[in-house]
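A.B. asks: how does the following fold in three dimensions:
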Amino acid sequence: MKKLLTTLSIAVGVHALSLGVQPVSAQEDKTPSAFNVADEEQDNLWVTLSLPFYNKYYYRGIELYSDTSFQPSVSVNYGLGDYGTIGASVWAHIPMADDQVRINGFDSMGNAFSGEIANKFVEVDPAINYDLPVGIATLSVGHIWYTDPSEGSTEIIQGGQRIDVGPAAPDTSEYYGGIALDTIAQPSLTVYHDYREFDSQYYALGFSQFLDEEQLGTVLGEGFNITPYALLGFVTNGEKIYNKKSGLKHINVGVSSTLSLGIIRVTPRVQYNFGFDDDINDIERTDNDFIFGVDFAYDGSYALF
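C.D. replies: All right, here's what the predicted structure looks like:
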């Protein structure tokens, strides 16, 4: 998992709620679901491969990586008929630059030290999910593991010796439960509980609205569509992550458009993050910033058994 600063532990995980529903914020989506294939009743296995690039990596209002970020994912979902859908996925962050952040300071004994934190890290997050449609609602539960295969160790130089002080933020896990409504604005609420490391709760309240030719007309071209979206992120018991342990931490607002390029689904996206964490000593752990990106994805559906 990303080591933002030696004293900063990060918040993790938001689930794409159900088959056929776009995530309200792409970089919050650690468990992508199949897209626009759930209507094929003869098929019960859906696979999605997603290859997005973003100008930086933000997560739950916190900038985790300041350069171009490649965030591939693959998901497999199996339909159980009236009993819903089970799935598994793997999401990753792969940096496209090689940065080092140097830290200098004094330890508790007054000895000067310096060191480097690798700002180049790889994050790999496997997840499992179960989704159950009930009328206009889709109920979701799942589990997400957050891992940093490179371990993210921090090395400092003290007394002329190189000392490995270990990971700044250990890997962690969380489970979640959520509900999404198939109504105007597609409201959804998902609650996450980190039980392994941070013992915190994150609440994602999302809204999105797919608009196509029926709503937009053909002024912008045949087949053109846009999806404006918003996500509000709240936290409780977040003292290991933010300056203030509870409350509204960030709001993401953005717009995307889905285009077809043969069998490839192309989704450009622009998003703005508003940070609402408290300012302590001129440091606010959430930021205000623009995110730009484009996702190249392939969706497949198959009849299994």
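A.B. asks: quick one: low-confidence parts of the stretch 151-300 of the chain?
C.D. replies: Counting by pLDDT under 70, the stretch 151-300 of the chain contains low-confidence ranges at 151-170, 218-219, 281-282.
A.B. asks: what ranges does it have for its helices?
C.D. replies: Along the stretch 151-300 of the chain, the stretches classed as helices by DSSP state H, counting those that start in this stretch are 213-216.
A.B. asks: where along it do the strands fall?
C.D. replies: For the stretch 151-300 of the chain, the strands defined by DSSP state E, counting those that start in this stretch cover 153-158, 161-167, 172-181, 188-194, 201-208, 227-236, 247-256, 259-261, 264-275, 289-302.
A.B. asks: wait, which of those strands is closest to Ser66?
C.D. replies: Comparison of these against Ser66 by Cβ to Cβ identifies strand 289-302 as nearest, at 9.5 Å. To be clear about C-beta, it is placed using only N, CA and C from the backbone, and glycine gets the same treatment.
A.B. asks: list the pairing partners of the closest one within its sheet, with orientation.
C.D. replies: Counting by DSSP bridges, the strands paired with strand 289-302 are strand 45-54 (antiparallel), strand 264-275 (antiparallel).
A.B. asks: can I assume Gln42 sits in a strand?
C.D. replies: No: under DSSP: H, G, I helix; E, B strand; the rest coil, Gln42 falls outside any strand and is assigned coil.
A.B. asks: now it, nearest residue through space, not along the chain?
C.D. replies: Spatial nearest neighbour of Gln42, excluding adjacent residues (Cβ to Cβ, 6 or more residues apart in numbering): Ala303 at 5.6 Å.
A.B. asks: so what's that neighbour up against?
C.D. replies: With contacts defined as Cβ atoms under 8 Å, 6 or more residues apart in numbering, Ala303 is in contact with 42-45.
A.B. asks: and the strands paired with strand 289-302 as a markdown table, adding distance to Glu197 and mean neighbour count?
C.D. replies: Formatted as a markdown table, the strands paired with strand 289-302 follow (distance: least, Cβ to Cβ, whole Å; neighbours: other Cβ atoms under 10 Å):
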| stretch | distance to Glu197 | mean neighbour count |
| --- | --- | --- |
| strand 45-54 | 26 | 19 |
| strand 264-275 | 23 | 17 |
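A.B. asks: looking at these, which is nearest to Tyr192?
C.D. replies: strand 264-275 (18.4 Å).
A.B. asks: hmm, Phe210 and Ala185 touching each other?
C.D. replies: No: the criterion here is Cβ atoms under 8 Å, and Ala185 misses it with Phe210 at 10.5 Å.
A.B. asks: and for stretch 278-295, what are the contacting residues?
C.D. replies: 8, 26-27, 50-56, 58, 61-63, 241-244, 249-250, 254, 265-277.
A.B. asks: distance to Leu139 added to the strands of the stretch 151-300 of the chain, as TSV?
C.D. replies: Converted to TSV, the strands of the stretch 151-300 of the chain look like this (distance: least, Cβ to Cβ, whole Å):
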stretch	distance to Leu139
strand 153-158	40
strand 161-167	35
strand 172-181	6
strand 188-194	11
strand 201-208	15
strand 227-236	19
strand 247-256	23
strand 259-261	31
strand 264-275	26
strand 289-302	22
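A.B. asks: of those, which is nearest Pro95?
C.D. replies: Nearest of these to Pro95, taken as Cβ to Cβ: strand 289-302 at 14.5 Å.
A.B. asks: give me the buried positions along the closest one.
C.D. replies: Across strand 289-302, burial judged by 16 or more other Cβ atoms under 10 Å covers 289, 291, 293, 295, 297, 299, 301.
A.B. asks: which one, of the strands of the stretch 151-300 of the chain, ends up nearest to Val76?
C.D. replies: Of all those, strand 289-302 comes closest under Cβ to Cβ, at 9.9 Å.
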